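need the 3D shape of this:
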Amino acid sequence: KVQEYVMENHDQYPRKMCFSVFGADKIEQFNIQLNEELTVSFDIDARQWQDRWFNSIRAWKVERHTAGGTFVPTSFPTSTPPPNPTDTPEFTQGDTNDDLPF
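Next up is the predicted model:
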């Protein structure tokens with residue numbers, strides 16, 4: 001038996017990921033519920049079928065977070081936030097030096 005779940009991280013731009021739990025015993029053991037704060041450890045495997053590649057992401061460990069603790073997702077790489085608007089130089093009409101080759 002296989003059960004699939006979708007989780008979302010807490011980055012500035014949240015990402016979603018689908019993973020599966022294989023085996024009725026693991027599904028019952030993990031007992032994942034909607035809107036729980038979890039840290040999921042998983043294995044990623046790829047297989048080829050008719051010249052196409054498919055990924056399978058299977059959870060092997062699920063940890064719950066208590067209400068008082070802080071949640072830091074470890075399943076996703078952190079993304080670099082975009083630069084602040086003040087970090088980019090402003091263009092003025094006096095800037096006529098064009099370094100572009102076209």
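
quick one: the helices in this structure?
Counting by DSSP state H, the chain has helices at residues 24-30.

tell me where the model's unsure across it.
67-102 (pLDDT under 70).

surely Ile32 meets Thr39?
No - using C-beta atoms under 8 Å, Ile32 is not in contact with Thr39; the gap is 11.9 Å. No exception for glycine: its C-beta is placed from N, CA and C like everyone else's.

who touches both of those two?
Common contacts of Ile32 and Thr39, defined by C-beta atoms under 8 Å, 6 or more residues apart in numbering, comprise Val62.

now Lys61: closest residue in space, sequence neighbours ignored.
Using C-beta to C-beta, 6 or more residues apart in numbering and skipping the chain neighbours, the partner closest in space to Lys61 is Ser41 (3.9 Å).

oh, that last question was meant for Arg15, not what I typed.
That would be Asn9: by C-beta to C-beta, 6+ apart, it lies 5.5 Å from Arg15.

how much space separates that neighbour from Lys16?
Distance of Asn9 to Lys16, given as C-beta to C-beta, to the nearest Å: 8 Å.

about what we covered before: okay, now the residue nearest to Arg15: neighbour count?
Other residues near Asn9 come to 18 when the count uses other C-beta atoms under 10 Å.

likewise for Arg58?
Neighbours of Arg58 (other C-beta under 10 Å): 15.

with Val62 instead?
19.

correct me, but Gln3 touches Cys18?
No - here Gln3 does not reach Cys18: they are 11.2 Å apart, not a contact under C-beta under 8 Å.

please say which of those two ends up with more neighbours.
Here Gln3 and Cys18 are set side by side on neighbour count (other C-beta under 10 Å), and the busier one is Gln3, at 16 against 10.

any idea how far that one lies from Ile27?
For Gln3, the distance to Ile27 - C-beta to C-beta - is 5 Å.

so what sits against both of those two?
Common neighbours of Gln3 and Ile27 (C-beta under 8 Å, 6+ apart) are Val21.
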